[in-house]
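Pasted the sequence and its predicted model underneath.
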Amino acid sequence: MAAENDKSRLDDAARAGWLYFIAGHTQDEIAKMLQVSRASAQRLVSLCLAERLITFRLEHPIAACMELAARLKQRFDLVHCEVVPADPAAPQAVAGIAERCANLLDSTLRSETPVIVALGTGRAVRAAVERVTPIERPNHQIVSLVGNISADGSASFYDTVGRLADRTGARHYPMPLPFLMSSEDERNRMVRIEPIAKVKAVAARADLRLVGIGQMDQKAQVHVDGFVTRDELFEMMRLGAIGEITGWAYDAKGRLLKAGTNKRLTSIPPEVPAKTTTIGAAVGAAKVAAISAALSGGLINGLITDEATARAILER
């Protein structure tokens, strides 16, 4: 009974949201149409937003953001670049870039021709996948670039492949390996196992790679999320790591390190230089050095970021 009541309330919320945001009715008018009080109509509209039953996309290009995107594109010879307005109240919030990443995924997935989308992990990528418009595309393929099992055996909350497959009906290929193996020899054996080799072969044919970019400091996400230990993180920092993409650490010039956790990492390494359309999604002052290095080293050939981060990159 509770489930039925919840469904009925969401139905009412969706109806109220449509009447308010799409049809343009006032809350007083909606209250009369739905035969509820004005306060109830207001709560239903709020519920519609809270449950993401309706979403919005900014269609008007903002001149300052477009100018920053053009400068980044020219300086780093990018195939794709988008800059969104910064949120002064939440400079690390990923909502803005997630919306643009979702738009990119939507336009890619709308294709009737079969496409392969390869995904990294991270908050921005996960948030983007949650915003993708559901569409039935069983001929597409979604593949993971990263092993998503941490040292304690738990899966990453930010795994994205299965979620995007749910929203598209596409075939999906997770990377069912620990993020790190205990040794380089063990890593080399595991990635040659036939099912893993097949996942790597699918990823090699990807039409689009969408990846997060992480900084390598004491707040590094690979450490916060439990994929590397404090000692492993500090070792990589001593080796000169400035950032990471799908776990692969690189230095200030965008060169992949040949030591430390990189020797035991199961994730598919970035192309150097990127040939596949490889979009990095990241914001925040803490990530400026990592994003800049990834751009300079050719680890990515596309970027989605915000206005403040774009300015900081261009000022380096």
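Arrived safely, thanks for sending.

I'd assumed Gln27 was in contact with Gln42.
Yes: in this structure, Gln42 is within contact of Gln27 by CB atoms under 8 Å, at 5.4 Å. From N, CA and C alone the C-beta is placed, and that goes for glycine too.

pLDDT weak spots in the stretch 51-200 of the chain?
57-61, 150-152, 154-158 (pLDDT under 70).

quick one, strands of it?
80-84, 116-119, 141-144, 171-173 (DSSP state E, counting those that start in this stretch).

can you list the ones you listed in JSON lines and add distance to Ala294 and mean neighbour count?
Below are the strands of the stretch 51-200 of the chain laid out as JSON lines (distance: least, CB to CB, whole Å; neighbours: other CB atoms under 10 Å):
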{"stretch": "strand 80-84", "distance to Ala294": "13", "mean neighbour count": "23"}
{"stretch": "strand 116-119", "distance to Ala294": "16", "mean neighbour count": "25"}
{"stretch": "strand 141-144", "distance to Ala294": "20", "mean neighbour count": "26"}
{"stretch": "strand 171-173", "distance to Ala294": "24", "mean neighbour count": "20"}
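
out of those strands, nearest to Arg316?
Nearest to Arg316, of all those, is strand 80-84, at 15.7 Å by CB to CB.

just checking, what packs against that closest one?
On a contact count with 3 or more CB pairs under 8 Å, 6 or more residues apart in numbering; DSSP states H and E, strand 80-84 meets helix 63-76, helix 95-109, strand 302-306, helix 307-314.

what about 7 Å?
Judged by 3 or more CB pairs under 7 Å, 6 or more residues apart in numbering; DSSP states H and E, the packing partners of strand 80-84 are helix 63-76, helix 95-109, strand 302-306.

and the ones you listed, which is most packed in?
strand 302-306 (a mean of 27; mean count of other CB atoms under 10 Å).

how far does it sit from the chain's center?
11 Å (CA atoms, centre = their mean, to the nearest Å).

Can you check what angle separates it from strand 80-84?
Inter-element angle recorded for strand 302-306 and strand 80-84: 0 degrees (by axes from the mean of the first three to the mean of the last three CA atoms, to 10 degrees).

Just the residues contacting strand 302-306, thanks.
The contact list for strand 302-306, computed with CB atoms under 7 Å, 6 or more residues apart in numbering, reads 72, 78-86, 96-97, 100-101, 277-283, 291, 295.

One more: stretch 241-261?
120, 145-146, 179-180, 211, 213-216, 222, 227-228, 232, 235-236, 239-240, 262, 265, 267-270, 272, 289-290, 293-294, 296-299.

If any of the residues you listed are buried, put those into a PyMOL selection.
The following PyMOL line selects those of those that are buried, judged by 16 or more other CB atoms under 10 Å:
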select buried, resi 120+145+146+179+180+211+213+214+215+216+222+227+228+232+235+236+239+240+262+265+267+268+270+289+290+293+294+296+297+298+299
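
Cys48: how many residues sit nearby?
Per other CB atoms under 10 Å, the neighbour tally for Cys48 reads 22.

Check Gln35 too.
Gln35 is flanked by 7 other residues according to other CB under 10 Å.

center of the chain - which residue?
By CA atoms, centre = their mean, the chain has its centre lying nearest to Val125, at 1.0 Å.

for that one, what are its contacts?
Leu119, Thr160, Leu210, Val211, Gly212, Ala281.

go again using 10 Å as the cut-off
94, 97-98, 101, 105, 119, 158-160, 164, 210-212, 279, 281-282 (CB atoms under 10 Å, 6 or more residues apart in numbering).

cool, and Leu239?
Met216, Ala249, Asp251, Leu257, Lys258, Ala259, Gly260, Thr261, Asn262.

Which of these fall within strands?
Using DSSP state E, the subset of the contacts of Leu239 located in strands is Ala249.

contacting residues for Ala206?
By CB under 10 Å, 6+ apart, the neighbours of Ala206 are 115-119, 141-143, 145, 268, 271, 276-278.

can we see that at 8 Å?
By CB atoms under 8 Å, 6 or more residues apart in numbering, the contact set of Ala206 is Ile116, Val117, Ala118, Val143, Thr276.

Which two of those residues have the greatest separation?
Across the contacts of Ala206 (CB to CB), the longest gap, 11.7 Å, separates Val143 and Thr276.

so what sits against both of these two?
With CB under 8 Å, 6+ apart as the test, Val143 and Thr276 both reach Ala118, Ala206.

what ranges do the helices span in the stretch 201-316 of the chain?
Counting by DSSP state H, counting those that start in this stretch, the stretch 201-316 of the chain has helices at residues 221-224, 230-238, 288-296, 307-314.

any idea which of these is most buried?
Across the helices of the stretch 201-316 of the chain, the average number of neighbours (mean count of other CB under 10 Å) peaks for helix 288-296, which reaches a mean of 22.
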